[in-house]
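Trainee: model this:
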Amino acid sequence: MAASSAGVCTACTIFRLSGRYWFSRTFSYNNNFSSRNVQTTTLHCQSQPQTKRKTDPRKWVGVVGLEIHAQIHSNAKLFSESGVHFAAPPNSLVSYFDASLPGTLPAGYQITQQRLPIAVAGSLTYNLLVRQKWNQVVTKTVRIKQIQLEQDSGKSLHDDTRSQTLIDLNRAGVGLMEVVMEPDMCCGEEAAAAVRELQLILQALGTCQGNMAEGQLRVDANVSVHQPGEPLGVRTEVKNINSARFLARAIDYEIQRQTDVLESGGWILNETRSFDYKSGRTTPMRDKEGLQDYRFMPEPNLPPLIVYDNKTVPAHADPQQVVNIDQIRERLPELPNVRRSRLVEQYGILPEHSFTLVNEDGLMEYFVSVARETKAEPRKIIGWIIKDLLGLLKQHSLNVSQSPISPMSMAELLNLLEAGTVSSSAAKQVFQELWKGAGSSASQIVQKLDLGLLQDRSTLEQICRTVIDSHQEEVRAIRGGNKKVLNKLIGLVQRELKGRADPVQVKTILEEKTL
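Mentor: Sure thing, here's the model as predicted:
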C-alpha cells in the first residue's frame, strides 16, 4: 500500500491493531538521530564467538534492541513531488524543498514524529531455528516500543583520494517508518529472524518493498552485555546494516568484542559503530557520551495526524479523508503466519516446511504452481523443491525467479515419476538435465537419454545375476546376516542400467537370489 499524496502511510498502524491510538502531531529536529536508552528483561542465549580469545559464555548475556527504518513504498517523497528511484544519478531527484533552498518552508531539518508516534506498545512474533534444524522451530516475541513516520536524510559520499565529501540528496525527504524494537533479543540469530519476519509482513502489506540491498530496509542494532543478575551494561549502536546475515554477524561480533573487553578489565564506551562485512568486525564512528540536544520543536505547517476506529470516527466523515484502523484491519491481506498455517492445513505438509516455503521469496508460489499441475503428493513435491531445487539455487546464489527449472517442468517430471515412466534415480538425472537449461522438456530428456523405466523382468534378472556372480564376497556377507550390503548390489545394478530400473523390483530380485 503506497503512501497517500499527503505523505501519510495508513497501513503502518497494523502493528498495534488492538492497542492504544493517539492523536499525533508531527515534530521536526535537526539532521542528527536521537539515541534511545531503553532497558528491559532479556532472553538468554549463547552468542557465537567471533574472535580468537576464549571466554566462558555463561558469564555474559547479550542484550539486543533494534531500530528499523523501512522505506515507505511510494512514487513520491513525503512532502515534495520528487520521485523515488533506486540508483538514480546523484541529485537528480531533488526539489527546491528537498535542497532547503531559500523560500521553501519547512526545510533545513528532518521531520519526524517524536512525542506522539503513530503506533505504540505492539509486538512481533517470529520463529527461530534451533541449531539450524527446521524440525526444531521455537516461537519468540519481541515488543515494539513504537512506530513513527519520518523523513529520510541525504547521503554523504566521502572521497578519500581528493579529501572531499560529496552530498547526494536523492534520498532526502523519502518517507520512512521507524520501527523501534525493545531489547528483548540476545544474539544475532534472534535479531535476524525478527527482521526477516518484519520484512515479510511489510512486503505482504505492500507498505515497503523491503529490498535491503537497495536500502529500503536498514537496521541499527543496540548491543550490550551483562552478567545474569547484574544491571545492564553500556550499549553501543551499530548503524545502517542492510542485510539480515550481516546483522547477525555484526551483533554476534559486538557481543563477543564487549565480552573480551570486560574480561580483560576494560570498559565499554557508549559509541556508534559501523560493521565491515569484509573483515566481519565493527569499528568506531563517533562517541555518544555527551548529552545531545536535538532541539525538537513542533512543525507549525503540518496539522495533527488523527487515527480513528469505528467508535471514534466522526459522523458523515469522508472515508478517503480519515484513517480508520478498523477499516484497515478488514482490508489486511494474508500475513506470513496465517499463510504458513494455511499451507499446513491445505496440503498436509509439516510446519517446518511451511516456514521454508514462506520465508524464501517466491518459493511458496512455485510450490503451489507445481502442486496444481501434478498428481504427486505434496510431501513428495516438498522434497524435490526444498532439498533439490532450493539446494541448487543456494549453491549458485540464485533466487527462485531465476530458476532454470520452471514449475511446469518440475510438475512434468513428477508426473513421469508418479506414472512409473522413470525410476527415482533416473528422475534425478532428468532434473540435472533440466537444470542445465537446454530447452528440452522432461519427456524429451527421458527419450533422448533412454531413461525410461525397464519393464522386461527377464532382462533385469539377467543383470542382477551378473552382478551377483561378480560379487560373491558381498553375497556371503548378506547370507551371513549383513543385509545392509544388499544396498551396494542394488546400486551396482542401477549403475549398469543407468538408473532405469525400479529400485523396489531390483531389491526383490536380489533378495530372491541371495537369501
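Trainee: Where do the strands of the stretch 51-200 of the chain begin and end?
Mentor: For the stretch 51-200 of the chain, the strands defined by DSSP state E, counting those that start in this stretch occupy 61-71, 110-112, 119-130, 133-151, 155-159, 164-168, 175-185.
Trainee: Tell me which of those lies nearest to Val195.
Mentor: strand 61-71 (6.6 Å; C-beta to C-beta). Yep, even glycine has a C-beta here, placed from its N, CA and C like the rest.
Trainee: Relative to the closest one, what are the paired strands and their orientations?
Mentor: Sheet pairing of strand 61-71 (DSSP bridges) gives strand 175-185 (antiparallel), strand 217-226 (antiparallel).
Trainee: tilt between it and strand 133-151?
Mentor: 50 degrees (axes from the mean of the first three to the mean of the last three C-alpha atoms, to 10 degrees).
Trainee: gap between strand 61-71 and the chain center?
Mentor: 15 Å (C-alpha atoms, centre = their mean, to the nearest Å).
Trainee: For it, C-alpha coordinates in PDB please.
Mentor: C-alpha atoms of strand 61-71 as PDB (Å, rounded to 0.1, in the frame of the first residue of the first chain):
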ATOM      1  CA  VAL A  61      24.500 -12.300  28.400                       C
ATOM      2  CA  GLY A  62      23.900 -10.300  25.200                       C
ATOM      3  CA  VAL A  63      21.100  -7.700  25.100                       C
ATOM      4  CA  VAL A  64      19.900  -6.600  21.700                       C
ATOM      5  CA  GLY A  65      17.400  -3.900  20.700                       C
ATOM      6  CA  LEU A  66      16.700  -2.800  17.100                       C
ATOM      7  CA  GLU A  67      15.700   0.400  15.300                       C
ATOM      8  CA  ILE A  68      14.500  -0.500  11.800                       C
ATOM      9  CA  HIS A  69      14.000   2.100   9.100                       C
ATOM     10  CA  ALA A  70      11.600   0.800   6.400                       C
ATOM     11  CA  GLN A  71      11.200   2.900   3.300                       C
END
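Trainee: What average pLDDT does it get?
Mentor: For strand 61-71, the mean pLDDT works out to 94.
Trainee: With stretch 318-328 instead?
Mentor: Averaging pLDDT along stretch 318-328 yields 87.
Trainee: one step back: I'd like to know which of the strands paired with strand 61-71 lies nearest to Gly280.
Mentor: It's strand 217-226; of the strands paired with strand 61-71, that one is closest to Gly280 (C-beta to C-beta) at 14.7 Å.
Trainee: Same question for the next helix or strand after that closest one: list its buried residues.
Mentor: Following strand 217-226 in sequence order, the next helix or strand is strand 236-241 (DSSP states H and E). Buried positions in strand 236-241, judged by neighbour count with 16 or more other C-beta atoms under 10 Å: 236-239, 241.
Trainee: got a markdown table for these, with pLDDT and distance to Thr207 too?
Mentor: Formatted as a markdown table, the buried residues of strand 236-241 follow (pLDDT from 0 to 100; distance: C-beta to C-beta, whole Å):
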| residue | pLDDT | distance to Thr207 |
| --- | --- | --- |
| Thr236 | 92 | 30 |
| Glu237 | 93 | 25 |
| Val238 | 94 | 25 |
| Lys239 | 92 | 23 |
| Ile241 | 91 | 21 |
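Trainee: and the strands paired with strand 61-71 as TSV, adding distance to Leu486?
Mentor: Output for these, formatted as TSV (distance: least, C-beta to C-beta, whole Å):
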stretch	distance to Leu486
strand 175-185	50
strand 217-226	54
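Trainee: okay if I get these as CSV plus mean neighbour count?
Mentor: Listed next are these as CSV, based on neighbours: other C-beta atoms under 10 Å:
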stretch, mean neighbour count
strand 175-185, 24
strand 217-226, 24
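Trainee: how about those in CSV, adding distance to Glu67 and mean pLDDT?
Mentor: Output for the strands paired with strand 61-71, formatted as CSV (distance: least, C-beta to C-beta, whole Å; pLDDT from 0 to 100):
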stretch, distance to Glu67, mean pLDDT
strand 175-185, 5, 94
strand 217-226, 4, 94
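Trainee: Of the ones you listed, which is nearest Thr374?
Mentor: strand 217-226 (35.5 Å).
Trainee: Give me the residues contacting stretch 417-437.
Mentor: 374-376, 384, 388, 392, 404-405, 409-410, 413, 416, 440, 442, 445-446, 449, 451-453, 494, 498-503 (C-beta atoms under 8 Å, 6 or more residues apart in numbering).
Trainee: List the ones among those residues that fall in helices.
Mentor: 392, 409-410, 413, 416, 442, 445-446, 494, 503 (DSSP state H).
Trainee: a markdown table for these, including distance to Glu67?
Mentor: Compiled in a markdown table, the ones in helices among the contacts of stretch 417-437 are given as follows (distance: C-beta to C-beta, whole Å):
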| residue | distance to Glu67 |
| --- | --- |
| Leu392 | 37 |
| Ser409 | 44 |
| Met410 | 41 |
| Leu413 | 47 |
| Leu416 | 52 |
| Ala442 | 49 |
| Ile445 | 52 |
| Val446 | 55 |
| Gln494 | 57 |
| Pro503 | 55 |
